[in-house]
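Undergrad: Sharing a model that was predicted from the sequence below.
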Amino acid sequence: MVGQILFIIIAAFTLLMGLGTVVARNLFHAALFLVGVFFGIAALFILLEAEFLAMAQIIIYIGAIATLIVFAIMLSKGMMGREAGAYNKQWYFAGGAMIFFFGLLSWLLVKMPFAATNASVPDDAIQQIGSGFVGHYVVPFEVASVLLLVALVGAIMLARERN
Amino acid sequence: MTVPLSWYLIFATALFSLGFFAVLSRRNAVAVLMGVELMLNAVNVNLVAFWRYLTPSDLSGQIFVVFVFTVAAAEAAVGLALMISIYRTRKTINVDEINDLKL
């Protein structure tokens, strides 16, 4: 019961923040709303007993990605005037399609039976994640590190001043 | 475990729809990127909810979320660098004005 009330509060907060991200005309405000969404998602991860992911969410999304977005907004501030957050000509079509998409998918999800178990999370979950990265999932882990390196070099190459 | 699994899934669907709407309808490229971040977060909620409710003893669900984090970070870095580069040469990052590749 307490869990349900907590879920409803966190979900409503996150969705409101998400709505703010989508409708805010000022891009800086949209970025701040996005930070609220990331916090809400981290709270949901804690509710789902995935503490490691909640910490990673706060460090990576709020600490790195949100900061990066705010920097990019500030670096091109002159352009982001009053109508910077405006929608394009197809916004009403996109909105209708998304409401239809949401309705269809939630109808399907309510109809669909899932075999939920009552098993609990193992005590050494974080240790299992760690040994998964250097054991069974070592190849995707290394590929992910190469991807990050390529993204780092690519971002520097793209953003550097050419003269 | 009093919260039903479908609540999480419907919440994630709503967040995904919001993000998709931002991607389809925003003019500014940074706002489009924020929509992509919303969508990736919704997918992460789905992955963790399925892990918790269906296979809590197998940690693969959480490990996949970490890979999604990695891809999201790489995507944000490269995307924002592209936008700064485009802004320097064209003085705009409105996606409906950058249409040189369009037939």
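TA: Sure, I can see it.

Undergrad: Which pLDDT does the model give residue 2?
TA: Chain wasn't specified; assuming chain A. According to the predicted model, the pLDDT of A:Val2 comes to 87.

Undergrad: The intended chain is chain B.
TA: B:Thr2 carries a pLDDT score of 79 in this model.

Undergrad: residues near it, how many?
TA: Other residues near B:Thr2 come to 10 when the count uses other CB atoms under 10 Å in any protein chain shown. The way it works is simple: take the backbone N, C-alpha and C, and place the C-beta from them, glycine included.

Undergrad: pretty sure it is in a helix, no?
TA: No - judged by DSSP: H, G, I helix; E, B strand; the rest coil, B:Thr2 forms no part of a helix; its state is coil.

Undergrad: Look at the closest residue to it other than its chain neighbours and give its secondary structure.
TA: Using CB to CB, 6 or more residues apart in numbering or on different chains and skipping the chain neighbours, the partner closest in space to B:Thr2 is A:Gly3 (4.5 Å). Using three-state DSSP, the three-state assignment for A:Gly3 comes out as helix.

Undergrad: The helix ranked longest in chain B vs chain A: in contact?
TA: The helix of greatest length in chain B, counted in residues with DSSP state H as the criterion, is given as helix B:60-90. Yes - figure legend: helix B:60-90 in contact with chain A (CB under 8 Å from any CB of the partner chain); contacting residues B:60, B:62-63, B:65-67, B:69-78, B:80-85, B:87-88.

Undergrad: Pull out the buried members of these.
TA: Buried by 16 or more other CB atoms under 10 Å in any protein chain shown: B:62-63, B:65-67, B:69-70, B:72-78, B:80-85, B:87, out of these.

Undergrad: so B:Met83 makes contact with B:Val32?
TA: No - assessed by CB atoms under 8 Å, B:Met83 is found out of contact with B:Val32, at 9.5 Å.

Undergrad: how about residue 73, what does it touch?
TA: With no chain named, the answer covers chain A. Shown here is A:Ile73, whose contacts under the criterion CB atoms under 8 Å, 6 or more residues apart in numbering or on different chains are A:27-28, A:31, A:80, B:30.

Undergrad: my bad, chain B
TA: Counting by CB under 8 Å, 6+ apart, B:Ala73 makes contact with A:60, A:64-65, A:148, A:151.
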